[in-house]
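[1] quick one: sequence plus predicted model below, questions after.
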Amino acid sequence: MESGTGTPRSTEDQPSDVAGPAEREDGRMADVLPFPGALAAKHAGEPEADALYHQGQALSSAGDAAGALDHFEQALSLYRAAADQANEAATLNEIGSVHSESEEPSEAFEPFEQALLILREIGDRVGEATALHNIGHVHHRLDDTEKALACFRQALPIRKAVGDRAGRAVTLINIGQIHEKLGEYLPAVHHYTQALTIQKQLGDRAGEAATLNSLAHVQDLLDNPQQAINNYSLALPILQELGNRAAEATILNNLAVIAHKNRYLEQAQAYMNQALELVRALGDRATEASFTFASAIIMYKLDHPEEALTTLRGAIDLAIETGNPDLKDMQEFREHLEKSLPTEE
């Protein structure tokens, strides 16, 4: 979803700089994205409507969807009465944004589609691409991948025409994600690679690392382990530069998984040890439990069963403490290890 920049907008303003795509801690691109189509208004000329709009945003950020919708609807009426189409569209976008993250995301279609019509009427091409993105996002949430893909494909040439390179990268990533979801891995690689080129040109280091992660994941699915390892390895120094230790740990875990699958067990153990060091420093006990379990499995395959059992017991203690869902699997593996070890006389 793309959301407003924080103020109602004026038809006299120029498009603001576009922020890079958001990312989850695992380094993959988030579905919920910033709204590059919003313009930063100094003053829209409707102070009462502006105040209601801002209050709606604050309530939405605080998780009060009902309160946010009430304020946005009041602002919408005032903007319509003032024939302020730009801010009418911006407010419709906010209303759609609230609905899109609710339990009934389909209710977002009407406000987003109304906003799209207005934006086309007033010639706001950046906003038009944003509205198409948001409609596509809702279709994606509803698992209607064909309609989502159609919306993103309509948005892409608009992003290019208006020179919105960061927005274009976002849309390319969205298209890549849908192809990946559909199991169409080569088109996914194609779109991720185009996005990566733009992100490098823009100096979007966080986005670059996230897209490298996505590329690596798809290369792994295509059974190209060396290319996957190369892309993960390119993401690592960027995350270290940014100080994103949680994402760095996730990448190291991903590298360990690929190395393990391809029987590079000592390399897998080295990656996992680095990942464990990071999550321990972060105090992430739940992830530490999962990574410690993985480490025990690698130790066992390296023919170190006693060390594996000791490590596994530590993982089980952490899993009990944190409610880790893998606890049952850990306990079953412990039973297997205990039976395989010679008993002391």
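    Perfect, thanks for sending it. Residues are numbered from 1 along each chain as shown.
[2] use CA for all of it now, contacts and neighbours both
    Fine.
[3] buried set for stretch 133-152?
    Buried residues in stretch 133-152, counted by 16 or more other Cα atoms under 10 Å: 133-141, 145, 147-149, 151-152.
[4] so which of those residues are in helices?
    133-141, 145, 147-149, 151-152 (DSSP state H).
[5] closest to Pro187 out of those?
    The closest of these to Pro187 turns out to be Leu149 (Cα to Cα; 12.4 Å).
[6] measure the closest one to Glu110 for me?
    Distance, Leu149 to Glu110, by Cα to Cα, to the nearest Å: 19 Å.
[7] for Gly67, same thing?
    Gly67 is 19 Å from Glu110, by Cα to Cα.
[8] repeat for Pro187
    Taking Cα to Cα as the measure, Pro187 and Glu110 are separated by 31 Å.
[9] per-residue pLDDT, the nearest residue in space to Lys301 that is not next to it in sequence?
    Closest residue in space to Lys301, ignoring its immediate chain neighbours: Leu265 at 7.6 Å, by Cα to Cα, 6 or more residues apart in numbering. Looking at Leu265, its pLDDT stands at 95.
[10] same thing with Met330?
    Taking Met330 on its own, its pLDDT is 96.
[11] right, and it touches Phe291 too?
    No. With contact defined as Cα atoms under 8 Å, Met330 does not reach Phe291; the gap is 11.6 Å.
[12] for the helix or strand where Gln114 lies, buried residues please.
    Per DSSP states H and E, Gln114 falls inside helix 109-121. Buried residues in helix 109-121, counted by 16+ other Cα under 10 Å: 109, 111-116, 118-119.
[13] turn those residues into JSON lines, including pLDDT and distance to Arg205.
    Converted to JSON lines, the buried residues of helix 109-121 look like this (pLDDT from 0 to 100; distance: Cα to Cα, whole Å):
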{"residue": "Phe109", "pLDDT": "97", "distance to Arg205": "33"}
{"residue": "Pro111", "pLDDT": "96", "distance to Arg205": "34"}
{"residue": "Phe112", "pLDDT": "95", "distance to Arg205": "31"}
{"residue": "Glu113", "pLDDT": "97", "distance to Arg205": "33"}
{"residue": "Gln114", "pLDDT": "97", "distance to Arg205": "35"}
{"residue": "Ala115", "pLDDT": "95", "distance to Arg205": "32"}
{"residue": "Leu116", "pLDDT": "96", "distance to Arg205": "31"}
{"residue": "Ile118", "pLDDT": "96", "distance to Arg205": "35"}
{"residue": "Leu119", "pLDDT": "94", "distance to Arg205": "32"}
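[14] run through the stretch 201-345 of the chain and note the low-pLDDT ranges.
    343-345 (pLDDT under 70).
[15] which residues of it fall in helices?
    205-221, 225-242, 245-261, 265-282, 285-301, 305-322, 327-340 (DSSP state H, counting those that start in this stretch).
[16] pick the most buried one from the ones you listed.
    helix 205-221 (a mean of 25; mean count of other Cα atoms under 10 Å).
[17] surely His260 and Ala268 touch.
    Yes. Using Cα under 8 Å, His260 makes contact with Ala268 at a distance of 5.4 Å.
[18] pull up the overlap in contacts between these two.
    Shared contacts of His260 and Ala268 (Cα atoms under 8 Å, 6 or more residues apart in numbering): Ile298.
[19] show me the contacts for Asn324.
    Here Asn324 is in contact with 286, 289-290, 318 (Cα under 8 Å, 6+ apart).
[20] out of the residues you listed, which comes closest to Ala275?
    The closest of those, once distances to Ala275 are taken by Cα to Cα, is Ser290, at 10.9 Å.
[21] relative to Ile173, how far out is that closest one?
    In terms of Cα to Cα, Ser290 sits 29 Å off from Ile173.
[22] quick one, phi/psi of Pro325?
    Here is the backbone geometry of Pro325 (degrees, to the nearest 10): phi -70, psi -10.
[23] no further queries at this time; thank you.
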